Structures are given as structure tokens and as C-alpha cells.
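Student: pasting a predicted model and its sequence here:
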Amino acid sequence: MEYMKTNKIVIGNWKMNKSIRESAACAKELLDARYDLTSVKSTDIVLTPSFLALNEVKKVCAGRNGISLGAQDVYWGTGNYCGAVSAKMLSEVCSYAFAGHSERRMHFNDTDEIVNRKVKACIEAGITPIFCIGEDEEANNAGKTKEVIRRQIESGLAGVRPCEMVVLYEPVWALGTGRTPCTEDTEEIMRFVREILHELFGAGAGRGIRAVYAGSVRPENAAAYARLPHVDGVAVGTASLSAEKLAAIIHAVDRAV
Ligand code: PGA
């Protein structure tokens, strides 16, 4: 099974950690000449601040090639859904949106079916979905990782045609914990993810899909993951809160071959 790598991607996910002002300041610092992001050649950068901060961060990043904005969540309907933000609304400010981040699955009851609706809503609105999958500690200990991942992909992408997308593998037990899967295990899972995508979409049809690893990515370990044959980049939570660390991760991924 041959898979050709395209541009890599680094997603900095600030979750609910930064106010509007702090988000804009962090983006500004990240773009400062001392971090030399203009020298990044083959890595797309996506920043996902809170909904509220999207516009401000977008202003800061205006005119900078290779840097895009993404939303941390999305709702699939339009109209009378108090408090929700639709994919269509998001399409005015950003080009990516998370669908089914494990923290949404865990704390906000995002089921596989809900995640599927979110993925479809993004695609319909012209937003690239960051479709998240990953096993929890219990499933990992029970040796059920592949079973969980197959279920999540088959349900989450049911009825979806091949299109530009990010599939984000985030083992839940590695998020924010400092514990990480070894690179051999990660490569095995990412290869398995590709196999399922081939089954679903046919050989070659998954070319626009980038498979990305997340879970305690830091400047010291980012290159090891980005270098894996079936990994197209990383998503970063905790370490992305520091512009210096995020910049170091971006450069490490860009240099990793
Ligand atoms: P972390 O979060 O880098 O803090 O582990 C990653 C994520 O939530 O995707």
C-alpha cells in the first residue's frame, strides 16, 4: 500500500486556555521574526483559538502564507439552536474545524453519530474537518485499540466522500499527561488508519487526507512522530500555549524527513 506524503501540518490547539487578548498576543509572538516562521517550507500551520478569539487571531495572521485558522468545535444545524455555532458561520472566519476531539466526546457527549454529522457539516460548508479518533486507557490496556479506531472511523466517516480532511489520532491516555505511545506503536496505528481509509474510499482516494498524531507532543519528541512514514504532522495542546515551544515544534516537523 503506497502513500505519498503531501505538505505536513502542525495544529496548535489552545482549547479554553487563552482569552481573546492572550490569543492575539500569542499569535503575534509566534509570528515575531525571532521564531523565523517565514523559513518554514513544507508545513501548514493551523491555530485553533476559542470561537471568540478567531477573528482577532485572524487579523494578526493576515497576509501570512501557510497559517490558517481553525475552530475547536462545530454544530451541524442552522437556525434556532441557542448557543451553537454552525459550520456555515465558521466558514467566514476559518478553514478548519475539529469534529469529535476526545474532550468533546468525554465532557460534551459527542457520540460517533454526532461526530459524523459534524464532519459532514464541515465538508458541506467548505471547511476542512479535523476528524478525531483515539482509544481511552481502558481500551488500550485491553488490547482493543484497533477495534475502537475502526469503529470510530467507520461511523464517523459513514456516508462521507473522499475529500480534504485531517484524521487526528489522539490516544486519550496521552493527552496532557506527558505519557506518549512509542513511535513503533504509533506507526502501526497510523498505517492501520490508512488501511481503513483505503477500504472506505478506495486506493488513492484518500490522498487529500492527512493523518496526524496528537498526545503530549513537545519540541523534543515532535520530529520523531513527524518522521514516521504514515504520519503527516502533529496536533499540540499544552505545549502550544507557549509561542516559543510551538515555533520549535513547527520547525522540528518541517525539518523532519
Ligand atoms: P496535549 O493535547 O498536547 O496537551 O496532549 C493534545 C490534544 O488535545 O490534541
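Tutor: The structure has been received and is ready for your questions.

Student: show me which residues of the stretch 1-150 of the chain sit near the ligand.
Tutor: When proximity is defined as Cβ under 6 Å from any ligand atom, the stretch 1-150 of the chain approaches the ligand at Asn13. Yep, even glycine has a C-beta here, placed from its N, CA and C like the rest.

Student: where do the helices sit along the stretch 51-200 of the chain?
Tutor: Assigned helices in the stretch 51-200 of the chain, in chain order: 54-61, 87-90, 102-107, 112-125, 137-141, 145-156, 183-201 (criterion: DSSP state H, counting those that start in this stretch).

Student: now for the second one, which elements pack on it?
Tutor: What that stands for is helix 87-90. With contacts taken as 3 or more Cβ pairs under 8 Å, 6 or more residues apart in numbering; DSSP states H and E, helix 87-90 sits against helix 112-125.

Student: next one: the fourth one
Tutor: Helices and strands in packing contact with helix 112-125 are listed as helix 87-90, strand 96-99, strand 128-133, helix 145-156; criterion 3+ Cβ pairs under 8 Å, 6+ apart.

Student: residues of stretch 50-57 that come out buried?
Tutor: Taking 16 or more other Cβ atoms under 10 Å as the basis for neighbour counts, the residues of stretch 50-57 that come out buried are Ser50, Phe51, Ala53, Leu54, Asn55, Glu56, Val57.

Student: hang on, the earlier thing: now render the helices and strands packed on helix 112-125 as CSV, adding mean neighbour count.
Tutor: Conversion of the helices and strands packed on helix 112-125 to CSV gives the following (neighbours: other Cβ atoms under 10 Å):
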stretch, mean neighbour count
helix 87-90, 20
strand 96-99, 26
strand 128-133, 26
helix 145-156, 18
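
Student: okay if I get these as TSV plus mean pLDDT?
Tutor: Listed next are these as TSV, based on pLDDT from 0 to 100:
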stretch	mean pLDDT
helix 87-90	98
strand 96-99	98
strand 128-133	98
helix 145-156	98
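
Student: distance to Ser68 added to the helices of the stretch 51-200 of the chain, as a markdown table?
Tutor: Compiled in a markdown table, those are given as follows (distance: least, Cβ to Cβ, whole Å):
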| stretch | distance to Ser68 |
| --- | --- |
| helix 54-61 | 8 |
| helix 87-90 | 12 |
| helix 102-107 | 20 |
| helix 112-125 | 14 |
| helix 137-141 | 32 |
| helix 145-156 | 22 |
| helix 183-201 | 22 |
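
Student: from the buried residues of stretch 50-57, which is closest to Ile250?
Tutor: Within these, distances to Ile250 taken as Cβ to Cβ reach their minimum at Val57, with 15.7 Å.

Student: dump the residue contacts of the closest one.
Tutor: Residues counted as contacts of Val57 (Cβ atoms under 8 Å, 6 or more residues apart in numbering) are Ser23, Ala24, Ala27, Leu47, Pro49, Leu69.

Student: and Ile45, helix, strand or coil?
Tutor: Reducing the assignment to helix, strand or coil with DSSP: H, G, I helix; E, B strand; the rest coil, the entry for Ile45 is strand.

Student: so what's the nearest residue to Pro181 once chain neighbours are set aside up against?
Tutor: Once its chain neighbours are removed from consideration, Pro181 has its nearest residue in Pro171; the separation is 5.7 Å (Cβ to Cβ, 6 or more residues apart in numbering). Residues near Pro171 by Cβ under 8 Å, 6+ apart: Gly134, Glu135, Asn140, Thr145, Pro181, Gly215.
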